[in-house]
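Take this sequence and fold it.
(one chain, ligands or ions: 1)
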Amino acid sequence: MHVSPLDDAARDAAMQQLPQWTYDADAKGIRRILRFADFAEAFGFMTRVAILAENADHHPEWFNVYNRVEILLTTHDADGLSQRDIDLASKIDVIAA
Ligand SMILES: C[C@H](O)[C@H](O)[C@H]1CNC2=NC(N)=NC(=O)C2=N1
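Alright, predicted model coming up:
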């Protein structure tokens with residue numbers, strides 16, 4: 001299914017609301033790195049994100065080592081950053097808070 005990518009102005013405006021995320025132009029997405037007390041905390045966080053990602057039908061690219069979780073959000077159906085990534089990032093921030 002095709003999804004429209006955000007234009008530069010819309011992306012800049014969205015990123016103002018997501019100070020813990022950085023736009024990666026090469027990856028065409030946004031990144032956040034989180035650290036937790038230990039693996040159980042990190043994996044518990046990932047489990048919560050997995051449930052909301054599945055419900056939204058929008059899935060992160062991510063990498064976990066012990067207590068660290070690196071997340072990249074990009075929209076394959078847009079070949080770039082879309083509102084779906086912004087919405088998921090906002091929800092991830094709530095879970096992480
Ligand atoms: C068929 C299904 O709706 C699509 O493949 C969804 C699933 N999850 C997805 N996740 C992400 N990150 N980008 C997508 O384009 C995407 N598309």
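
Report the buried residues of the strand or helix carrying Arg84.
In the assignment (DSSP states H and E), Arg84 maps to helix 83-96. Neighbour counts over helix 83-96 (16 or more other CB atoms under 10 Å) mark 84-86, 88-89, 91-93 as buried. Every C-beta, even on glycine, is put in place using the N, C-alpha and C of the backbone.

all helices in the chain, in order from the N-terminus.
Per DSSP state H, the chain carries helices over the ranges 8-16, 39-56, 83-96.

so which of the ones you listed gets nearest Ala27?
Closest approach to Ala27 among the helices of the chain is made by helix 83-96 (11.2 Å; CB to CB).

what packs against the helix holding Arg84?
On a contact count with 3 or more CB pairs under 8 Å, 6 or more residues apart in numbering; DSSP states H and E, helix 83-96 meets strand 29-35, helix 39-56, strand 68-73.

so can I have a markdown table of the buried residues of helix 83-96 showing pLDDT and distance to Met1?
Formatted as a markdown table, these follow (pLDDT from 0 to 100; distance: CB to CB, whole Å):
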| residue | pLDDT | distance to Met1 |
| --- | --- | --- |
| Arg84 | 98 | 11 |
| Asp85 | 98 | 15 |
| Ile86 | 98 | 18 |
| Leu88 | 98 | 16 |
| Ala89 | 98 | 20 |
| Lys91 | 98 | 20 |
| Ile92 | 98 | 22 |
| Asp93 | 98 | 26 |
